[in-house]
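Novice: the following comprises the amino acid sequence and a computationally predicted model.
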Amino acid sequence: MARLLKLNVFRYNPQDPKSVPHLQTYVLDETDNMTMFIALNRVREEQDPGLQFDFCCRAGICGSCAMVINGRPSLACHTKTKDLPDEITLLPLPVFKLIGDLSVDTGVWFRAMYDKVESWIHTRKEFDPKALEERMDNAVAEQIYELERCIECGCCVAACGTARLRDDFMGAAALNRVARFVVDPRDTRTDKEYFEIIGNDTGIFGCMGLLACEDVCPKDLPLQNQLGYLRRKMGITALKSLFSRK
């Protein structure tokens with residue numbers, strides 16, 4: 001006999017002045033290989049068509065279905081109900097702007113982050129559309145690819161204690177993005193220029209080292225390694241700057 005799942009889902013519409021934040025309970029029979037994505041779609045199709053949550057690819061690529069599942073930020077499409085207890089509580093990701101129910105706007109946050117870290121290749125070379133693509137060592141290319149696997153789901157930001165306390169903290173997603181350009185030989189920015197962006201308590205020195213970001217990353221990115229790498233690099237840059245003034 002299939003389990004009956006009790007889903008306690010956060011409901012609130014910020015656009016409706018009469019709406020009040022609350023948990024609404026739905027009971028659903030569990031099916032084989034059911035994910036939270038499937039469960040929520042069944043709830044919307046069978047019980048409550050007004051339930052808001054985001055999804056797109058349902059393959060762990062778009063990051064749209066990120067939410068807090070029993071206290072842990074995760075992707076609904078990657079979370080199987082068989083790995084959860086009978087009672088499941090679903091909340092929207094904190095930090096990001098709430099659209100309604102489980103739906104949040106991560107796009108505004110990530111766009112602001114891109115602007116802040118200047119997320120593009122900085123080069124003094126004039127672009128030649130007819131030229132061959134610049135070659136680089138395979139090991140470097142693989143390192144860049146590893147850091148580019150971020151799907152911008154926002155789980156790492158939502159799990160970050162500093163980001164929960166401070167609106168101006170960049171978070172692991174931004175610092176990982178910076179690390180991607182630091183290792184890219186095509187980017188001509190100096191350590192001092194990177195220090196101006198992340199060498200403060202809103203950047204790498206604001207990280208408390210709790211590493212919840214890496215614990216919840218659905219793509220298993222090596223965030224701990226990148227945060228340590230940037231902290232050492234920016235610390236050395238700060239010392240060099242200090243001694244150069246004497």
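Specialist: Arrived safely, thanks for sending. For clarity, every value in this text was computed on a predicted model and none was experimentally measured. Residues are numbered from 1 along each chain as shown.

Novice: which residue sits closest to Gly154, ignoring its sequence neighbours?
Specialist: Thr106 (4.5 Å; CB to CB, 6 or more residues apart in numbering). In short, each C-beta sits where N, CA and C put it, glycine included.

Novice: and the spatially most central residue of the chain, what pLDDT?
Specialist: The structure's the chain has its C-alpha centroid closest to Gly154; by CA atoms, centre = their mean the separation is 2.5 Å. As predicted, Gly154 sits at a pLDDT of 97.

Novice: quick one, what contacts it?
Specialist: Gly63, Ala66, Pro73, Leu93, Val95, Phe96, Val104, Thr106, Trp109, Phe110, Ala173 (CB atoms under 8 Å, 6 or more residues apart in numbering).

Novice: any low-confidence regions in this protein?
Specialist: Applying pLDDT under 70 to the chain picks out residues 1, 245-246.

Novice: alpha carbons of the top helix by length along it, in CSV - could you do that?
Specialist: The residue-count maximum for a helix in the chain (DSSP state H) belongs to helix 223-244. Listed next in CSV are the C-alpha coordinates belonging to helix 223-244 (Å, rounded to 0.1, in the frame of the first residue of the first chain):
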residue,chain,number,x,y,z
LEU,A,223,32.9,25.7,-3.4
GLN,A,224,35.0,25.1,-0.3
ASN,A,225,38.1,24.9,-2.4
GLN,A,226,37.3,28.1,-4.3
LEU,A,227,36.5,30.0,-1.2
GLY,A,228,39.8,29.0,0.4
TYR,A,229,41.7,29.7,-2.8
LEU,A,230,40.2,33.3,-3.0
ARG,A,231,40.7,33.9,0.7
ARG,A,232,44.4,33.1,0.5
LYS,A,233,44.9,35.0,-2.8
MET,A,234,43.1,38.1,-1.5
GLY,A,235,45.0,37.9,1.9
ILE,A,236,48.3,37.8,0.1
THR,A,237,47.2,40.7,-2.1
ALA,A,238,46.3,42.7,1.0
LEU,A,239,49.7,42.0,2.6
LYS,A,240,51.6,43.0,-0.5
SER,A,241,49.6,46.3,-0.7
LEU,A,242,50.3,46.9,3.0
PHE,A,243,54.1,46.4,2.8
SER,A,244,54.3,48.4,-0.5
